[in-house]
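Chemist: Quick check, what structure comes out for this input:
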Amino acid sequence: MARKNPGGRKTAMPPEGASGGRHVVRIIGGEWRGRKIRFPPVDGIRPTPDRVRETLFNWLQSATAGSRCLDLYAGSGALGLEALSRGAREVVFVDLDAAVTRHLQERLREFGCDRGQVVRMPAERYLEQPAVPFDVVFLDPPYASGLAGESFRRIVEAGWIAPDGCAYLETAASAGPPVLPPGWTLFRSKRAGEVGYHLARRTPAGEP
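Modeler: Below you'll find the predicted structure:
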C-alpha cells in the first residue's frame, strides 16, 4: 500500500484494544476471510479499498492459488495478505518503514503463516538484486511519487516477472492509465473514486 512519504515515519503500533478506526483493513476472501488487520498509523498509508481488492482478485481468479507474489511498497500489507489468504504459495513484502515491517511480521505470526517473507529495504534497492521471477507483482507506490511506471519498467527489464506473470498497478485516478514498457498491455483497467487500478500482462502473440 502506498504512502505519501516513501520512507514513512517510525511510528509505534497503537496499544492492544485501541480503537482501530481508519487503521484497520479487512481480508475479503479465502482462508482468513473477515479477519481484520490493524496497521500502524504511519503517515500516508492508504490501504487499497475493499471493493478494489475484490475486483482485483476477481480479475486474477485462479492465478492467485499456488503463485509467488511480490508486494512492493507493502504498507498495510492488505494485498499480500489477501493473496496468502487465497492460497498464494509465497508472498514477499517489501517496505522501508520499521513499524510497517514489524506489523507485517506480527500479522504473519498471528495468522500462523510461514509463507510470507518481510524485507525492510527501499524498493529501488530491492530491485537491484538478482531477480527471482514472481507470478504476480503488486505495485502501489506513493501516488505523488510518480514511481509506478518507473518501478514497473525496472521490474520488467530486470526480469522480476515470470513469462506468464502479471502486475497490478495502483495510481491516482487523475493520472490516467500508466505508461507500460514495450511488450505489455493493460488487461484490465478501472477507477474507483480517487483510485486508478490496472492489471498488466504481456501482450499476447500476434497483437501489436
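Chemist: can you list the residues that contact the longest strand anywhere in the chain?
Modeler: Longest strand of the chain, by residue count under DSSP state E: strand 161-172. With contact meaning C-beta atoms under 8 Å, 6 or more residues apart in numbering, strand 161-172 is reached by 2, 48, 52, 56, 60, 63, 68, 79, 133-140, 143-144, 148, 152, 155, 178, 187, 194-202. (Glycine included, C-beta is placed from N, CA and C.)
Chemist: Just the buried positions in stretch 147-164, please.
Modeler: If you call a residue buried by 16 or more other C-beta atoms under 10 Å, then stretch 147-164 has these buried ones: L147, A148, G149, S151, F152, R154, I155, V156, W160, I161, A162.
Chemist: Out of the contacts of strand 161-172, which end up buried?
Modeler: Buried among the contacts of strand 161-172 by 16+ other C-beta under 10 Å: 2, 48, 52, 56, 60, 63, 68, 79, 133-140, 143, 148, 152, 155, 178, 195-202.
Chemist: Can you tell me which of those end up in strands?
Modeler: Those of the buried ones among the contacts of strand 161-172 lying in strands (DSSP E): 68, 134-139, 195-202.
Chemist: continuing past the longest strand of the chain, what's the next helix or strand?
Modeler: Where DSSP states H and E defines the elements, the next helix or strand beyond strand 161-172 is strand 184-192.
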